[in-house]
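1. could you look at this predicted model? Sequence included:
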Amino acid sequence: MKKKLVILTGAGISAESGIKTFRDSDGLWEGHDVMEVASPEGWQKNPELVLDFYNQRRRQLNDVKPNLGHRELAQLQIHFDVHIITQNVDDLHERAGSKKVLHLHGELRKVRSTKNPKYILDWEGDLNLGNVDSFNHQLRPHIVWFGEAVPAFEEAIAITEGADYFAVIGTSLQVYPAAGLLDYVSAKTPIFYIDPNPIAIPNLRNSLKTIPMVASEGVPLLKNQLLAQFQ
Ligand code: APR
């Protein structure tokens, strides 16, 4: 049976595809204060701005493609039972061929009812005021905004607890509960950490191998190390 490799990814894995990360520039997200465009308060205050912001992000998906980091992670499925837990709302892991992808913070290509979080639709193109569910409730982006619950977290914990190997790629580990997943990695499971600006991870019981590189360089290295040491 293939060993289980669980990978937590963040904005850094998509940076080389041309999608901006959140925290390493000017504190703004594509020119906006994050609370304006990614919080329930922002939605209440100015839903048009929020819809327009995510419409632009959704359109951007048509102009970007998976990079070598995404593609190499998909290749690892030949050797391992790979589970990707991503904080990203893009679909680049899926488009690279990864089969088991859990989105912690939602997906740009889905929308949901403002009244019923379980009423979720696939969505292409723009979402506008007046686009409603079958009960006439406005639809909103299927994105977990700041201050909202993370419904996929329980499933992410279960996946993480079963990991034989765990890797963290391209996340500043500043946002919870996602960053807290590391607490659920079994103490005997080695952790790999790819990021050009790695942080010091506190209270780790596991063996840690830091690869201070961008994803397109670090993931091939991770692949070689896993295949050499653990197969
Ligand atoms: N390859 C790998 N890592 C990279 C690259 C690259 N080419 N370029 C940048 N990075 C790293 C940065 O060093 C940083 O540590 O990616 C990380 C990006 O961190 P953040 O911008 O904070 O993104 P992330 O950790 O994914 O943010 C978590 O915060 O705003 C919310 O919901 C949003 O999912 C997001 C969450």
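-> Received it, and whenever you're ready, just let me know what you need.

2. neighbours of the residue lying closest to G18 once chain neighbours are set aside, how many?
-> Residue nearest to G18 in three dimensions, not counting chain neighbours: V64, with 5.1 Å by C-beta to C-beta, 6 or more residues apart in numbering. In this view, the C-beta of every residue, glycine as well, is placed from N, C-alpha and C. Neighbour count for V64, taken as other C-beta atoms under 10 Å: 16.

3. please report how far V64 lies from the ligand.
-> 13 Å (C-beta to the nearest ligand atom, to the nearest Å).

4. tell me how far K110 lies from the ligand.
-> Computed as C-beta to the nearest ligand atom, the K110 to the ligand distance reads 15 Å.

5. does L227 sit in a helix, a strand or a coil?
-> Following DSSP: H, G, I helix; E, B strand; the rest coil, L227 is assigned to helix.

6. how about the strands in the chain?
-> 4-9, 81-86, 101-103, 106-113, 120-122, 139-143, 165-169, 191-194, 208-211 (DSSP state E).

7. so can I have TSV of those strands showing mean pLDDT and mean neighbour count?
-> Listed next are the strands of the chain as TSV, based on pLDDT from 0 to 100; neighbours: other C-beta atoms under 10 Å:
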stretch	mean pLDDT	mean neighbour count
strand 4-9	98	25
strand 81-86	98	24
strand 101-103	98	20
strand 106-113	98	21
strand 120-122	98	13
strand 139-143	98	22
strand 165-169	98	24
strand 191-194	98	24
strand 208-211	97	17
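
8. am I right that the residue nearest to G18 is in contact with L92?
-> Yes: under the criterion of C-beta atoms under 8 Å, V64 makes contact with L92 at 7.1 Å.

9. shared neighbours, these two?
-> S14, S17, I19 (C-beta atoms under 8 Å, 6 or more residues apart in numbering).

10. for G18, see how far away the nearest residue to F192 once chain neighbours are set aside is.
-> In space, and not counting its chain neighbours, F192 is closest to A167: 4.3 Å by C-beta to C-beta, 6+ apart. Distance of A167 to G18, given as C-beta to C-beta, to the nearest Å: 23 Å.

11. also A149?
-> Shown here: A149 relative to G18, a distance of 31 Å by C-beta to C-beta.

12. same thing with A74?
-> Taking C-beta to C-beta, one finds A74 at 19 Å from G18.
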